[in-house]
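Undergrad: Predicted model, plus sequence, below.
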Amino acid sequence: MSTSVFIEPLDVLFLRGNKLFGDPGSYGEALIPPWPSIAAGALRSRMLADDGTDLTAFAHNAVNHPALGTLAAPGPFTITGFHLARRHADGRVERLMPAPADLIVFEAEGGRPFMALRMAPAAPAGIASSAGLPLLPVLAQADRRKPAGGHWLTESGLRQYLAGQTPTAAGDWIASSTLWRFDNRVGVGLDTTQRRASDGQLFSMQAVAMLKNGHPLGSPGQETRADYDVGFLATVSGAEPPTSGLVRLGGDGRAAALHLATAHAPPEPDYAAIATAGRCRLLLTSPGLFANGWLPTGADATTRRDDGAIRFELHGVTGWLVCATVARAEVVSGWDLARRQPKDALRAAPAGSVYWLDELHATPEGLRKLAAAGLWRGTGEDASRRAEGFNRIAIATF
């Protein structure tokens with residue numbers, strides 16, 4: 001069983017990434033979407049407070065919480081989904097996904113309509129490259145256009161994507177400009193020894209203001225207004241998270257309200273059809289922390305087919321990895337509040353990365369189990385990062 005919670009920001013948020021800032025003249029950029037660990041930290045801290053747990057004792061591994069376990073051995077609490085989301089007037093919460101790496105969006109311009117195209121694996125005939133797989137993701141387009149960023153898939157668009165279709169309708173996409181605004185703030189460096197502001201240490205950073213119902217969306221004179229509230233949807237398994245009240249979210253612990261989410265079940269593909277077809281795509285829905293860099297857990301680079309495809313085997317699903325589109329690696333870290341120190345910095349495959357598998361051998365139940373478990377083996381791994389919601393995937397038709 002799992003519980004979904006809509007996290008509604010009540011103030012601007014400081015969604016800090018992994019780049020240092022605070023030096024004189026530096027600029028701190030916001031990270032959207034934030035790592036799923038932001039939800040894990042907020043919900044777990046609230047659970048400990050609600051249960052009256054001695055936080056100092058928990059920080060020293062002296063308390064074994066029934067759902068959260070200890071710092072050294074986390075309990076069953078797991079973030080199984082974390083998404084930017086919007087809550088509609090009827091209370092329904094809709095997940096929003098950044099564009100998968102194999103979907104390229106083009107804005108309407110010069111009389112040409114808005115368009116989305118999907119990459120397809122193709123053999124690199126006559127092209128030499130350093131790619132580690134036999135096929136390359138190729139975008140076929142009749143005329144060259146400049147891709148546009150800042151578009152998110154709605155649930156209807158994600159449902160089409162998982163079914164192997166290319167979402168192109170207006171309702172399949174939403175622009176980031178209709179979800180949040182940036183609000184630049186100025187910060188002052190502090191002298192911790194003298195407990196005062198440091199001389200000449202001004203810096204700036206981006207605060208994120210999520211749009212609310214009634215906020216204007218367009219330019220002055222052509223304004224439409226939002227009929228939804230923007231926040232985050234966190235899905236938790238292995239524990240009962242709080243579903244009301246407040247949490248501290250992001251840098252500086254800004255207030256956010258919790259609401260039990262009325263959400264549809266996540267869109268799913270036709271697992272039986274995928275098993276029969278014998279091929280699929282794996283879509284990372286959260287950053288992937290993999291031992292072999294961009295290669296997902298389950299891919300064994302030492303076992304290759306004659307054409308260079310890499311063997312994949314995980315949770316009873318086997319196949320051959322033939323193609324991948326993975327954006328530049330990002331670095332995931334964070335602040336360990338219990339230990340009062342930074343978490344280890346780890347290279348991650350970004351959310352939205354796509355992997356193609358062929359010669360797939362799996363049952364529909366096996367595919368569903370893989371999607372539920374994520375790209376984790378279950379042993380010899382970072383249990384804390386697993387609980388925080390990394391390595392989550394969706395399975396799509398190839």
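TA: Structure received. Numbering: from 1, shown residues only.
Undergrad: How is the protein divided into domains?
TA: As given by automatic domain parsing, the domain ranges for the chain are 2-124+152-263, 271-397.
Undergrad: Just put those in CSV and tack on distance to Val138, mean neighbour count and mean pLDDT.
TA: C-betas here are computed from N, CA, C, even on glycine. Shown next, in CSV, are the domains of the chain (distance: least, C-beta to C-beta, whole Å; neighbours: other C-beta atoms under 10 Å; pLDDT from 0 to 100):
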stretch, distance to Val138, mean neighbour count, mean pLDDT
domain 2-124+152-263, 4, 17, 88
domain 271-397, 9, 18, 93
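Undergrad: Quick check: which of the ones you listed is nearest to Asp143?
TA: Proximity to Asp143, assessed across the domains of the chain by C-beta to C-beta, is greatest for domain 2-124+152-263 (8.4 Å).
Undergrad: can you give me the helices for the stretch 201-350 of the chain?
TA: For the stretch 201-350 of the chain, the helices defined by DSSP state H, counting those that start in this stretch occupy 271-277.
Undergrad: got the end-to-end distance for stretch 303-323?
TA: With C-alpha to C-alpha, to the nearest Å as the measure, stretch 303-323 spans 15 Å from end to end.
Undergrad: Just give me how far it sits from the chain centre.
TA: Chain-centre distance of stretch 303-323: 25 Å, with C-alpha atoms, centre = their mean, to the nearest Å.
Undergrad: a markdown table please, covering the domains of the chain and showing distance to Gly132.
TA: Formatted as a markdown table, these follow (distance: least, C-beta to C-beta, whole Å):
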| stretch | distance to Gly132 |
| --- | --- |
| domain 2-124+152-263 | 12 |
| domain 271-397 | 7 |
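Undergrad: These: which one's closest to Leu133?
TA: Closest of these to Leu133 is domain 271-397, at 5.5 Å (criterion: C-beta to C-beta).
Undergrad: Pretty sure Gly164 sits against Ala396.
TA: Yes. Applying C-beta atoms under 8 Å as the test, Gly164 and Ala396 come out as touching, 6.8 Å apart.
Undergrad: can you list residues touching both of those two?
TA: Common contact partners of Gly164 and Ala396 (C-beta atoms under 8 Å, 6 or more residues apart in numbering): Pro269.
Undergrad: quick revisit: and the domains of the chain: which comes nearest Lys146?
TA: The minimum distance between Lys146 and the domains of the chain falls on domain 2-124+152-263, with 7.4 Å, by C-beta to C-beta.
Undergrad: chain center to the closest one: distance?
TA: 9 Å.
Undergrad: related to what we said a few turns ago, between the domains of the chain, which one is nearest to Ala131?
TA: domain 2-124+152-263 (7.1 Å).
Undergrad: Alpha carbons of the lengthiest helix in the chain, in CSV - could you do that?
TA: Secondary structure of the chain per DSSP state H: the longest helix is helix 37-50. Only the C-alpha atoms of helix 37-50 are listed here, as CSV (Å, rounded to 0.1, in the frame of the first residue of the first chain):
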residue,chain,number,x,y,z
SER,A,37,15.3,13.7,-1.0
ILE,A,38,13.7,17.1,-0.3
ALA,A,39,10.3,15.3,0.3
ALA,A,40,11.9,12.4,2.2
GLY,A,41,13.6,14.8,4.6
ALA,A,42,10.5,17.0,5.2
LEU,A,43,8.2,14.0,5.8
ARG,A,44,10.6,12.0,7.9
SER,A,45,11.4,15.0,10.1
ARG,A,46,7.7,15.6,10.6
MET,A,47,7.1,11.9,11.4
LEU,A,48,9.8,11.9,14.1
ALA,A,49,8.4,15.1,15.6
ASP,A,50,4.8,13.7,15.6
